[in-house]
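> my questions concern the predicted model and sequence given below.
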Amino acid sequence: MVKLPVSGAEIALRRPDGLDDMLLRETAGSPIEAGLALIERLAGGADCDWASLNVTDFEFLLLSARAARFGQQMSLGFACPHCRDLAEVSFRVSDFLDSVKPRTVPGVVPDPVRPGWFTLHGVGFRLPTVGDQVAVAVLAQPAQRLAALCLDEPARQMPHRARVERAMAAMAPELSRPIAGACPSCGAAVQAGLSVTSIVVAEMRRAAAEVHDEVDLIARAYHWPQADILSLPEDRRRAYAERIRRAQIVAA
């Protein structure tokens, strides 16, 4: 069970199966759209409008699903900006998620007229949602459009905007942000950019890369229906496929 930091909702996530891998391989949309479709499937019976989930809770769910599938250790590789050698910043997902602590902001109150909106010093705002991200992703100026969706006109003006944005950051801390570390070659302090949705969906898609071959192998060897093969847990499906590959090598 995953307790979301901002909304406080508790969501049960199951581990991905072959049908989820097929979804990841065959979904042509953006990483946000693929991640949204995946979370909707993994959450199963949860009654939720997933597109209305605030971004912090959505990325929290994605990282939780990633940890359940691949383990707690996560590494971000990049070229050190100082010596150009390959650097890597590693962290435990559980520690990172534990650090996400939304705070109550003095003066922020729910808007009595607009559900999901808040007011601060007389100006209105709401927290960005996954649906907002999908809507603005294809636009030329996504940040400007996102502000128009989530801040009313007075809130977009100075000095209100700075106060409102600080309040939003406290209420829903960003998970997609730089992660500090040190270059193993030159010892310089470095930062690796963590873009949660892009990285997690890419990892999930790489893990699903062989699902079509595995289904084909097992179906040819055991004559099981596709639906039965796809319903297998991932590790069992791969174990069967590897067993068939070894048998083919011996037979050759």
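All right, it came through fine.

> now the helices: where do they sit in the stretch 51-200 of the chain?
For the stretch 51-200 of the chain, helices defined by DSSP state H, counting those that start in this stretch occupy the ranges 55-70, 93-98, 130-136, 142-150, 160-171, 196-207.

> show me what the third one is in contact with.
Counting contacts by CB atoms under 8 Å, 6 or more residues apart in numbering, the residues outside helix 130-136 that touch it are 30, 32-33, 36, 50-55, 58, 142-143, 145-146, 149-150. All C-beta spots, glycine's among them, are computed from the backbone N, C-alpha and C.

> now do the buried residues in that helix.
Under the neighbour-count criterion of 16 or more other CB atoms under 10 Å, helix 130-136 has Val130, Gly131, Asp132, Gln133, Val136 buried.

> what is the burial count for the residue lying closest to the first one once chain neighbours are set aside?
In this case it means Val130. Leaving aside its chain neighbours, Val130 sits nearest to Phe58 (4.7 Å; criterion: CB to CB, 6 or more residues apart in numbering). Phe58 is flanked by 27 other residues according to other CB atoms under 10 Å.

> got a list of what Phe58 touches?
Gly35, Leu36, Ile39, Trp50, Thr129, Val130, Thr197.

> for it, give its distance to Arg243.
Using CB to CB, to the nearest Å, Phe58 is found at 38 Å from Arg243.

> how's this protein carved up into domains?
2-75+91-100+194-207, 108-171, 211-251 (automatic domain parsing).

> need the ones you listed in CSV (columns: mean pLDDT and distance to Ile179).
Shown next, in CSV, are the domains of the chain (pLDDT from 0 to 100; distance: least, CB to CB, whole Å):
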stretch, mean pLDDT, distance to Ile179
domain 2-75+91-100+194-207, 91, 5
domain 108-171, 94, 17
domain 211-251, 90, 27
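
> output these as a markdown table; include the columns distance to Pro81.
Putting the domains of the chain into a markdown table (distance: least, CB to CB, whole Å) gives the following:
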| stretch | distance to Pro81 |
| --- | --- |
| domain 2-75+91-100+194-207 | 16 |
| domain 108-171 | 24 |
| domain 211-251 | 37 |
